[in-house]
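# Sequence and predicted structure below; questions after.
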Protein chains: 2
Amino acid sequence: MLDDRSRQVLFAVIQCYIDSPGPVGSRVVTKRFSFGLSPATIRNIMSDLEEMGFLRQPHTSAGRVPTDLGYRYYVDAIKEDRQTVNRDLILELGRQLEMMRRDINSFLDEAARMLSSLSHYIGITMSPNTSTATLSRVELIRYRGNRLAVILFTDEGLIQNKIISVDPDISASNLRRVAEYINEEFAGLTLDEIRQRVIDEMTRERVLCDRLISEAMKICSGIFYAAPGNLYISGISEMLSLPDFCDIRRIKELLKTMEDRHLIVKLLDKLSISSGTQVFIGSENPLDEMKGFSLVASTYKEGNRPIGAIGIIGPTRMNYLQAISIVDMTANYITEILSYR
Amino acid sequence: MLDDRSRQVLFAVIQCYIDSPGPVGSRVVTKRFSFGLSPATIRNIMSDLEEMGFLRQPHTSAGRVPTDLGYRYYVDAIKEDRQTVNRDLILELGRQLEMMRRDINSFLDEAARMLSSLSHYIGITMSPNTSTATLSRVELIRYRGNRLAVILFTDEGLIQNKIISVDPDISASNLRRVAEYINEEFAGLTLDEIRQRVIDEMTRERVLCDRLISEAMKICSGIFYAAPGNLYISGISEMLSLPDFCDIRRIKELLKTMEDRHLIVKLLDKLSISSGTQVFIGSENPLDEMKGFSLVASTYKEGNRPIGAIGIIGPTRMNYLQAISIVDMTANYITEILSYR
DNA sequence: TTTTAGCACTCTCCATTGTAGAGTGCTAAT
DNA sequence: ATTAGCACTCTACAATGGAGAGTGCTAAAA
């Protein structure tokens, strides 16, 4: 589809554009890369590339700029040789993450900060999705009369606590039996499945009318709602240092999207389904509000099941090679560290 | 210190400046407010006010702009008649907050969003400071062999869970005795006090060498570290719509400060000590990085003790009257709602 | 046939200029 | 003590024009 020389020119243009924004002209390309061709020839090739949709001229007689399609071609092509990336980066990454094993939340917070400081783009991490976590055990602890603290243990090692109010007359032994019932009935199921089961049971239970079970169901319905994953975002201010953001409207647009955490959670949730590192370039971006930016995302896993997502958001003019490496490595590290816990 | 007429002119200038930025001239003042004075007279008064440090000229032959000192005078003066504020605001506020009683975290998140949407500035809320919470009870729950889930109940109704690893050989009965020991020894103390006690005990305990107590202390030292308060920030993008932020450097400065959550937590922590609504204007701001912005902050309480802080951050040219009302009301609502739980 | 040199043309960027508008300070008159 | 009038100052904005960079095309060279 693209002969060798054209590809080289395309990559050269992309390389130049990544290093500094602003249209790149034919003379610049001949200077930085020694193809042994004159600017005029390069111009012809670039003209061809434009016709094919890989490059674009912001206006007549300006240099060329890669299109989303151009980037896509580039990203697909470099996916193989990504391991050639900077070793220092990998070391730095490992060193920083090692320090934060203790607590998953501050760990993910730190991971987001790291993603951004390494890439100079925005780093995002999300805590494990609770709705697909599998229940390991429930503890019910009474306090302050009518309050009940519910502690959920999951196989993923994720603990959640929720507080609900209960009938103050319920006896301690009944409470214990409720806990036992829940554990027997639901252990091993995902929270999503449990929620579904509870709904099913509740319609049926109205007929059976067992005091204990109905009490248990009442408690369950207050517990097993899906808590949205915590989101850690870092590096917004750093990214604004890039020359890409000289326009205030662009900044506002970006910040508005970043503030709507709900939106991002939903996006990452969707990505969590498939595994492996994914790249969305500009208009390919699943979020309408984020067309104009690129997203490099990956997932971390428990065993073989993806349980959370991380990513980097940057301008379309992104150093994809580096970003992909960073996201990839970080995801692997998180997976690994979770498995040690 | 300031005669009545001068004060009126000062307030008029501030009012104009709040409504739209840009130096305000003498003619504008005479037009909006009917003092029955000519622009020339106003000019003379403004000139006096400038000499006294309440106003400032960005450059010769521009209008005047209030200084931090001018705002300070204004804020001190209006503190009394703050209840005259918009009733609709208060209603809207109550309605939104009512919906979020369930969970303190999403509640505070929502509160931050509300602060910002009502004021059009940045809204900030912080979850209760854990280090001054008083311990009510501890539960230790073993899981996955060498893991221990520690559940801290506090008088404030705040539950925290932490996971630590322990010697897998420790028996269940010993674990129970450790929990009992901690509860007897430490219930009623603040987490800060407990941490101090633990440190004291540990140096002494080396001599005594009681297996059980030393085990308890080891666990305690892993539990009672101060977890920084969760911070909820909202409305950054909304604030950027203000004409004050036409300059990119200013935006970057602001975002950088906002991203350093640690810094803000420390600031609000400090404010939590004293109660009542506080106003910091521009250079008065305790944070060097935030001189140039104003902060209106208040605390919410458990009983009479302040346990957390909320606030609004905006440009020095802020609608202080409104901001103070909003912060004040919100703090009171939070206090009230916490007391019902 | 492919590559290159040359040249006219186009577009952006930047500094300069000029003008309108807003506002002040001062002085003299009320 | 207040006000009208006037000269002066500063900003914002639009218009202008040249420098620089880059292209497209054509004709010559390899």
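The structure has been received and is ready for your questions.
# Can you report how many residues neighbour A:Arg249?
As a burial measure, A:Arg249 scores 8 neighbours (other Cβ atoms under 10 Å in any protein chain shown). The way it works is simple: take the backbone N, C-alpha and C, and place the C-beta from them, glycine included.
# One more: A:Asn183?
What A:Asn183 shows, counting by other Cβ under 10 Å, is a neighbour count of 16.
# Check the gap between it and A:Leu135 for me.
With the distance defined as Cβ to Cβ, to the nearest Å, A:Asn183 ends up 8 Å from A:Leu135.
# repeat for A:Tyr121
37 Å.
# Neighbour count: these two, which is higher?
Higher neighbour count among A:Tyr121 and A:Leu135: A:Tyr121, with 27 against 21, using other Cβ under 10 Å.
# Can you verify my assumption that that one contacts A:Ile324?
No - using Cβ atoms under 8 Å, A:Tyr121 is not in contact with A:Ile324, being 12.0 Å away.
# got the CA positions of stretch A:57-75 in CSV?
This file holds the C-alpha atoms of stretch A:57-75, laid out as CSV (Å, rounded to 0.1, in the frame of the first residue of the first chain):
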residue,chain,number,x,y,z
GLN,A,57,-2.0,21.0,5.0
PRO,A,58,-3.4,23.5,7.5
HIS,A,59,-3.4,26.1,4.7
THR,A,60,-1.8,26.5,1.3
SER,A,61,1.9,26.9,1.4
ALA,A,62,2.4,25.7,4.9
GLY,A,63,4.2,22.5,5.8
ARG,A,64,2.3,19.3,6.4
VAL,A,65,0.8,17.8,9.5
PRO,A,66,0.0,14.1,10.1
THR,A,67,-3.7,13.2,10.1
ASP,A,68,-5.3,10.7,12.4
LEU,A,69,-5.0,8.1,9.7
GLY,A,70,-1.3,8.9,9.4
TYR,A,71,-0.9,8.4,13.1
ARG,A,72,-2.9,5.2,13.0
TYR,A,73,-0.6,3.8,10.3
TYR,A,74,2.4,4.8,12.3
VAL,A,75,1.2,3.3,15.5
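# Enumerate the positions of that stretch that are buried.
Going by neighbour count (16 or more other Cβ atoms under 10 Å in any protein chain shown), the buried part of stretch A:57-75 is A:63-75.
# so which of those residues are also by chain B?
With the criterion set as Cβ under 8 Å from any Cβ of the partner chain, no member of these is near chain B.
# mind giving me the domain split of chain A?
When chain A is parsed with automatic domain parsing, its domains come out as A:4-77, A:83-129+A:229-340, A:132-223.
# where does the stretch 151-300 of chain A dip in pLDDT?
Where the stretch 151-300 of chain A drops to pLDDT under 70, the residues are A:205-209, A:226.
# ranges for the strands of it?
A:159-165, A:231-234, A:278-280, A:293-302 (DSSP state E, counting those that start in this stretch).
# what about whichever residue of the stretch 151-300 of chain A sits closest to DNA strand C, neighbour count?
Nearest residue of the stretch 151-300 of chain A to DNA strand C, counting by Cβ to the nearest atom of the strand: A:Cys246, 9.8 Å away. The local packing of A:Cys246 (other Cβ under 10 Å) involves 11 other residues.
# just to revisit the earlier point, so which of the strands of the stretch 151-300 of chain A is the most packed in?
Ranked by mean neighbour count under mean count of other Cβ atoms under 10 Å in any protein chain shown, the strands of the stretch 151-300 of chain A are led by strand A:293-302, which reaches a mean of 24.
# Which strands or helices does the helix or strand just after it pack on?
Note on strand A:293-302: by DSSP states H and E, the next helix or strand toward the C-terminus is strand A:305-315. Secondary-structure packing of strand A:305-315 (3 or more Cβ pairs under 8 Å, 6 or more residues apart in numbering or on different chains; DSSP states H and E): helix A:104-119, strand A:122-126, helix A:261-273, strand A:293-302, helix A:320-340.
# I'd like to know which of the ones you listed is closest to DNA strand D.
The nearest among the helices and strands packed on strand A:305-315, by Cβ to the nearest atom of the strand, is helix A:320-340 at 22.6 Å.
# check whether that closest one contacts chain B.
No - Helix A:320-340 stays clear of chain B (Cβ under 8 Å from any Cβ), getting no nearer than 10.8 Å.
# ok, A:Phe280 touching A:Leu295?
Yes - with contact defined as Cβ under 8 Å, A:Phe280 reaches A:Leu295; the gap is 4.5 Å.
# and chain A, which of its residues are near DNA strand C?
A:36-38, A:40-41, A:44, A:59-62 (Cβ under 7 Å from any atom of the strand).
# make it 6 Å
Contact residues, chain A versus DNA strand C (Cβ under 6 Å from any atom of the strand): A:37-38, A:40-41, A:44, A:59-62.
# Among the buried residues of stretch A:57-75, which are located in strands?
In strands, defined here by DSSP state E, the members of the buried residues of stretch A:57-75 are A:65-66.
# just the buried residues of stretch A:57-75 that are near DNA strand D?
Among the buried residues of stretch A:57-75, the ones lying near DNA strand D by Cβ under 6 Å from any atom of the strand are A:63-64.
# Next, give me the two most distant ones among the buried residues of stretch A:57-75.
Set against one another by Cβ to Cβ, those have their most distant pair in A:Gly63 and A:Val75, with a gap of 21.5 Å.
# how far away is the residue nearest to A:Gly25 when sequence neighbours are not counted from A:Ile45?
Excluding the flanking residues, the one nearest A:Gly25 by Cβ to Cβ, 6 or more residues apart in numbering or on different chains is A:Gly63, at 3.8 Å. Going from A:Gly63 to A:Ile45 by Cβ to Cβ gives 13 Å.
# same question, A:Val28
In terms of Cβ to Cβ, A:Val28 sits 14 Å off from A:Ile45.
# ok, those two, which is more surrounded?
Taking other Cβ under 10 Å, A:Val28 and A:Ile45 do not tie; A:Ile45 has more neighbours (21 against 18).
# now the strands of the stretch 151-300 of chain A as JSON lines including distance to B:Asn332?
Shown next, in JSON lines, are the strands of the stretch 151-300 of chain A (distance: least, Cβ to Cβ, whole Å):
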{"stretch": "strand A:159-165", "distance to B:Asn332": "23"}
{"stretch": "strand A:231-234", "distance to B:Asn332": "30"}
{"stretch": "strand A:278-280", "distance to B:Asn332": "45"}
{"stretch": "strand A:293-302", "distance to B:Asn332": "41"}
